[in-house]
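Asks: Please work out how this folds:
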Amino acid sequence: MSPGEVWDAFREQDGWGQLWLHVRMSLAALGLATVTGLVLGVICAKIGRVASFLVVSVSNLGRTVPTFALIALILALTSLGFWPAALGLFALGVPPILINAYTGVREVDPGAVEASRGMGFTPLQVLTRVELPMALPLVFAGVRTSAVQIIATAALAGLVGAGGLGVILSSGLSNSQEDVILAGAIPVTLLAILAELLFGAAERLVTPRGLRLGRGPTTR
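Replies: Next up, the predicted model:
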């Protein structure tokens, strides 16, 4: 199987159009999941210990329910299309961001919080100027995990008629065409790797230098 054959199959299967649809679907799902997970995570962190049960339950539910089944159910109850598939991917993307946002806010140094209150900060200022900035590295780690999962799983949306690179994969599998299968699988893999690298870099940028040093390998 030569790269030229895979490239020809990619173009013949409307690869660029399906790639752009895959990216838009993933970005829409990730954007909704980020906002929802961050807001719910902060609220749960502020409510107290009882909210940890909710966070753990939602996270476990997200790992238990098969995403393909969820997407298929949403499409069955609504219709084939972009947003029904994006909602299924959104449900997959919320748990990692939710649990990381919750953990990040809960584990902020109490001394820093007390110091900010002593300086006269209001609760909202404490949240926006102290707690959220210190929790950002962990939040970005959750977004990175969510992004990779969403991009990889978005290929399943093509199997239920929602479009994206999964359409190419489905076509290749149905006709036992290896070049077509690779034409769909390779872009999905590259997108997932790109998301991992981009959000990994963003996570490092928002992590204070002292914490980056603290996470580095230890030397004897």
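
Asks: Quick one: residues contacting the residue minimising distance to the centre of the chain.
Replies: Per C-alpha atoms, centre = their mean, the C-alpha nearest to the average position across the chain is that of residue 146, at 2.0 Å. The neighbours of residue 146, taking C-beta atoms under 8 Å, 6 or more residues apart in numbering as the test, are 30, 33-34, 37, 92-94, 96-97. C-beta here means a position set from N, CA and C on the backbone, and glycine is covered the same way.

Asks: Show me which of those is closest to residue 187.
Replies: Taking C-beta to C-beta as the measure, residue 187 lies nearest residue 30 of those, at 17.2 Å.

Asks: what about the closest one, how many neighbours?
Replies: 24 (other C-beta atoms under 10 Å).

Asks: now the one 3 residues further on
Replies: The tally of other residues near residue 33 (other C-beta under 10 Å) stands at 27.

Asks: from now on call the first residue 595
Replies: With the count now opening at 595, the last piece we talked about shows up as residue 627.

Asks: Spatially nearest residue to it (excluding sequence neighbours)?
Replies: Leaving aside its sequence neighbours, residue 627 sits nearest to residue 687 (C-beta to C-beta, 6 or more residues apart in numbering; 3.2 Å).

Asks: Same question for residue 636.
Replies: Leaving aside its sequence neighbours, residue 636 sits nearest to residue 699 (C-beta to C-beta, 6+ apart; 5.7 Å).

Asks: Tell me how far residue 751 lies from residue 605.
Replies: Using C-beta to C-beta, to the nearest Å, residue 751 is found at 21 Å from residue 605.

Asks: what's the average pLDDT for the helix ranked longest in the chain?
Replies: The longest helix of the chain (DSSP state H) is helix 609-641. Computed over helix 609-641, the mean pLDDT rounds to 91.

Asks: Tell me the buried residues in it?
Replies: Residues 609, 612-613, 615-617, 619-620, 622-624, 626-628, 630-632, 634-636, 638-639 are the ones in helix 609-641 that count as buried (16 or more other C-beta atoms under 10 Å).

Asks: How far off centre is it?
Replies: Relative to the chain's own centre, helix 609-641 is displaced by 6 Å; criterion: C-alpha atoms, centre = their mean, to the nearest Å.

Asks: Check which helices and strands that helix is in contact with.
Replies: Applying 3 or more C-beta pairs under 8 Å, 6 or more residues apart in numbering; DSSP states H and E, one finds that helix 609-641 contacts helix 644-658, helix 676-700, helix 726-747, helix 749-753, helix 759-769, helix 772-800.
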